[in-house]
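Participant: Pasted the sequence and its predicted model underneath.
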Amino acid sequence: MANIQEKIAKLFPAATFENDNSGILQITVADEQWHELAKNLRDDPDTAMDYLVTIVGMDWVEKLGCIYYLMSTRHNTMCSVKVAVTDRDKPYIHSVADLWRIAEIYEREVYDFYGIVFINNPDMRRLFLNIDWVGYPLRKDYDEDPAINPVSIENERQTDLTSVYKEEGGKVVKTEREIFHKDDFVVNIGPQHPATHGVLRFRTAVDGETIKKIDVYMGYIHRGVEKLCESLQYPQTLHFLDRLDYFSGQIYHHGLCLLYEKALNIEVSRRAQVIRVMMDELSRIASHCLFIGTYCMDLGATTMLFYTLRVREQILDIFEKTCGARMTFNYACIGGVMQDLAPDFADDVRALLEVLPKNIKEYNKIFTGNVIAKNRMEGVGVLTREDAISYAVTGPSGRASGWACDIRKLQPYSIYDELEFDEIVREEGDSMARFKVRMAEMEQSARILAQLVDNIPDGEYCVKVPKVVKLPKGQWFQLVEGCRGAFGVYVESDGSTKPFRLKIAPPCLPLAAVVDHITQGSKIADLITIGGSLDYIVPDMDR
Amino acid sequence: MYNVSDSHIFDFSRVTGPIHDWLTGFLPGWAATTVECVAIGVGLLLLYALLALFYIYFERKVCAAFQCRLGPNRVGPFGLLQSFADMFKILIKELICLNHIDKFLFALAPYLVIIASMLCFAVLPWGDGLQIIDFNIGIFFLIACSSIGVLGILLAGWSSNNKFTLIGALRSGAQMVSYELSIGLSVVTMVCLAGSMSVTDIVLAQGNGWFIFKGHIAAVIAFIIYMIAGTAETNRGPFDLPEAESELTAGYHTEYSGIHFGFFYLAEYLNLFIVSGVATLLFFGGWMPLHIPGWEGFNTVMDYIPTPIWFIGKAILLSYIIIWFKWTFPRLRIDQLLSLEWKYLLPISLFNLALMVCFITLGWHF
């Protein structure tokens, strides 16, 4: 990292450097130089920061700004860039949507929450809140008075226009642009639609059965989790993570706990670590089972759903015995896990491992080899490796495009570096590859479970932690591998009992953002195939 | 031609004939015919409803078995009354009035669909002497009638003033018109073998062996094509694109409610019966019992089983295969569906027709 720092310091003498508490190099740069620095970071072979992990919008009261977390897929290094502006009324930052495609939607999110306008972003609309919302909710001076934003009983106002801000002669000029052409036949798929897996809305311009353009419209299940976290104490913030991607609840909990434990310098017992990893992998199998079932159902093979739900039910039974819940487990906590394992946990897991291979074989027999399934999935929705990285499509979907992006391998956390498992990577990048990657990942998760089930060490399941959790001043970033991709969480603390800023970087937002790109020119039925194979969870993207 | 009067098959005209004589005894000819028509009409409606209810129950039980479930088991013994309860529910449901639709066409569409399938019932070979209309172009009439149904579907999609229904209707139109070709060609293939378009003649021609055995290779190919095209014709999985739930919510009947929706639902199940009924007629002898030449004792025993049981039993067995398709296969995409028909099924059927003609001219059939 040191030579990168030197190199950048030479090119951008005004930039300052520091390491954040997670050990990630943070470059602070003025907005004028930001776009050039970004281009440099991405294109210089020594840095090759081609993956934009997330954009954290920030309000430090005296200034507004963003922290960009970047990762290099070539060198497996991370860095972050801090860009801030002082003008609170007209905060402008240059967009990097031309460098990383995913930035377009990330910048819209920052605009939605902080009102920071990104110059040259082609689509500066709100992302989650409705277009008449007054104020920017995550700003520290936001007025929460319900009278300002009353609950509307009218239909939400809609518009087909979006704004673009461009620099002309030193001044920022706003222009309006239409999302669809005048004579486009626009079909509303969603928000209440069986195949969108939640309340997601695709405004789809079609020409006969062929898709011309999709405008993803989200926010129907936006609950303001990040805003809520700022008014809650650290242990309370954990509860929300079960309610994002509700299948990855265990893993998300694990991720935030890791971050807090790092900040508090808490050493977690080996037993708790093993339990957490086992729960993570059980969740992964359950989640992939549900994926396979619902995906096949989307394609019309209803019967498969019941076959996969059988295995999932078995896993949920295991969860229920230990965590007391079948969903929203709230199991991992700071210092370990909430309760000790149920006495017959190991036996149940062994029973599961016994039936799982037989079931996977059955799924392959009934569905994967089917000629109709092959025709529907092969070559449909091809996502190249470059696009996958540019759109930040991680998880099984990214790995199906040939991008080895498993956080468990790239930045091993907990005990993952001791475990033996393969990262499944396929080259095709189509819907079939995404399906097969998940199928194979179930086997790998089972392999991890098999290594751990006979070696659950004795010890305490939760170490002592202070009654009142106070993080020292600083900022932390943690990545874990959720069921659908890399889940990042950023916490900035001002030394109090509540987070100054808690940012969640969900894997599903990029998955929804990429839909438009890979559906263009395919059929309406392919939208279902592609959407299903990406396997997004709407509460996860909306938060 | 098989001589039924020599066999032990019960001729139902022995029942219907005296009734007719009795009616004409005290009524003028036209009045007697009117009374008979009304009586048969009522009977047919009743049969129609009962068959639909049975099919709904049957499909739910079959798919439950495929999916390791129990299926309906709460209303009545083994859930037998479930469909009746569902029917009463749908009868008393509100017909939601929509604005901005073509009200006349919207109301007309379900009746067109149901009339099309009712008309087909008239020529099905229910049993010996139980056919409602028996005339020389029976099978042609059946194909003509079943084509009316697509009109209802197109109207339903168009008049609802909804983008989903419109796409569903267009898909359905493209699909049904295409697959009618294959159905027509496989029917023609079998008509060649029978040498007649009269339903009774086709059945009687199979008295000494069903066509699927008599026409061997060509008949088997025609049967497979017929089953595929027939499944597509009834809009059932894997060809259920017009109502592809995950894409178009409910396709052309999205906007329908109450009994209007019920009519579509009913017609779908009855079309399933009609398609398997016609397959029974063309390939498995209609109401004709299983006869194996030379096995006189066996044939006599088979003859004692009433002919309606033969027909309905065979039709239900074939329906089971179509239901099996639906609960096993994923759905095709519209372009794949059309290329399956135009690039594969249609050329194969044409070739098969030529093959059958060769068989007949060379006498290679049994």
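Facilitator: Now that the structure is in, tell me what you want to look at.
Participant: buried stuff in the top helix by length along chain A?
Facilitator: Using DSSP state H, we find that the single longest helix of chain A is helix A:270-298. Buried residues in helix A:270-298, counted by 16 or more other CB atoms under 10 Å in any protein chain shown: A:271-298. The way it works is simple: take the backbone N, C-alpha and C, and place the C-beta from them, glycine included.
Participant: For B:Val4, report the pLDDT, please.
Facilitator: pLDDT for B:Val4: 64.
Participant: quick revisit: and the longest helix of chain A, what does it pack onto?
Facilitator: helix A:249-264, helix A:302-323, strand A:336-337, helix A:345-363, helix A:431-453, helix A:524-534 (3 or more CB pairs under 8 Å, 6 or more residues apart in numbering or on different chains; DSSP states H and E).
Participant: Turn these into TSV, columns for mean neighbour count, mean pLDDT and distance to A:Pro506.
Facilitator: Formatted as TSV, these follow (neighbours: other CB atoms under 10 Å in any protein chain shown; pLDDT from 0 to 100; distance: least, CB to CB, whole Å):
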stretch	mean neighbour count	mean pLDDT	distance to A:Pro506
helix A:249-264	24	88	9
helix A:302-323	20	89	22
strand A:336-337	26	86	23
helix A:345-363	16	89	28
helix A:431-453	22	89	18
helix A:524-534	26	84	13
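Participant: Tell me which of the ones you listed lies nearest to B:Ser83.
Facilitator: Comparison of the helices and strands packed on helix A:270-298 against B:Ser83 by CB to CB identifies helix A:302-323 as nearest, at 19.8 Å.
Participant: Do that closest one and chain B come into contact?
Facilitator: Yes. For helix A:302-323, a contact with chain B is found by CB under 8 Å from any CB of the partner chain, at A:Thr302, A:Thr303, A:Leu305, A:Phe306, A:Tyr307, A:Arg310.
Participant: Now flag whichever of the residues you listed is closest to A:Gly219.
Facilitator: A:Leu305 (28.4 Å).
Participant: how about the nearest residue to A:Tyr246 once chain neighbours are set aside, what does it touch?
Facilitator: With sequence-adjacent residues excluded and distances taken as CB to CB, 6 or more residues apart in numbering or on different chains, A:Tyr246 is closest to A:Met327, at 5.6 Å. By CB atoms under 8 Å, 6 or more residues apart in numbering or on different chains, the contact set of A:Met327 is A:Asp242, A:Tyr246, A:Gly249, A:Leu316.
Participant: what's around the residue in chain A that chain B sits nearest to, how many residues?
Facilitator: At 2.9 Å from chain B, A:Gly300 is the closest residue in chain A, using CB to the nearest CB. Using other CB atoms under 10 Å in any protein chain shown, A:Gly300 is surrounded by 26 other residues.
Participant: Please apply the same query to B:Leu166.
Facilitator: If you count neighbours by other CB under 10 Å, B:Leu166 ends up with 20.
Participant: Of all the residues in the helix or strand hosting it, which ones are buried?
Facilitator: Under the criterion of DSSP states H and E, B:Leu166 resides in helix B:163-194. Buried positions in helix B:163-194, judged by neighbour count with 16+ other CB under 10 Å: B:163-176, B:178-183, B:185-194.
Participant: again, but for stretch A:233-248
Facilitator: Per 16+ other CB under 10 Å, stretch A:233-248 contains these buried residues: A:234-235, A:237-248.
Participant: Turn those residues into CSV, including secondary structure.
Facilitator: Listed next are the buried residues of stretch A:233-248 as CSV, based on DSSP: H, G, I helix; E, B strand; the rest coil:
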residue, secondary structure
A:Tyr234, helix
A:Pro235, helix
A:Thr237, helix
A:Leu238, helix
A:His239, helix
A:Phe240, helix
A:Leu241, helix
A:Asp242, helix
A:Arg243, helix
A:Leu244, coil
A:Asp245, coil
A:Tyr246, coil
A:Phe247, coil
A:Ser248, coil
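Participant: And the furthest pair within those residues?
Facilitator: A:Tyr234 and A:Phe247 (24.3 Å).
Participant: Where does the prediction get shaky in the chain?
Facilitator: Unless you meant another one, I'm taking chain A. Filtered on pLDDT under 70, chain A yields the residue ranges A:1-2.
Participant: actually it's chain B I care about, not the one you picked
Facilitator: In chain B, residues with pLDDT under 70: B:1-8, B:242-250.
Participant: Can you name the residue of it nearest to chain A?
Facilitator: For chain B, CB to the nearest CB, closest residue to chain A: B:Arg331, 2.9 Å.
Participant: name the element that residue belongs to?
Facilitator: Applying DSSP H and E, one finds B:Arg331 in no helix or strand.
Participant: hang on, it packs against A:Thr302?
Facilitator: No. Using CB atoms under 8 Å, B:Arg331 is not in contact with A:Thr302, being 9.9 Å away.
Participant: mind listing what residue 260 touches?
Facilitator: Answering for chain A, as no chain was given. A:Tyr234, A:Ile266, A:Ile334, A:Val469, A:Leu471, A:Val491.
Participant: my question was about chain B
Facilitator: B:Leu95, B:Ala107, B:Pro110.
Participant: Number of residues surrounding the last one?
Facilitator: In other words, B:Pro110. So B:Pro110, with other CB under 10 Å, has 24 neighbours.
Participant: correct me, but it touches B:Phe263?
Facilitator: Yes. Applying CB under 8 Å, one finds B:Pro110 in contact with B:Phe263, separated by 3.8 Å.
Participant: now what about the host helix or strand of A:Phe477, what contacts it?
Facilitator: Taking DSSP H and E as the definition, A:Phe477 sits inside strand A:474-481. Contact with strand A:474-481 is made by A:20-22, A:24, A:53, A:67, A:69, A:80, A:251-252, A:254-256, A:258-259, A:262-263, A:395, A:406-408, A:411, A:413, A:486-493, as judged by CB under 8 Å, 6+ apart.
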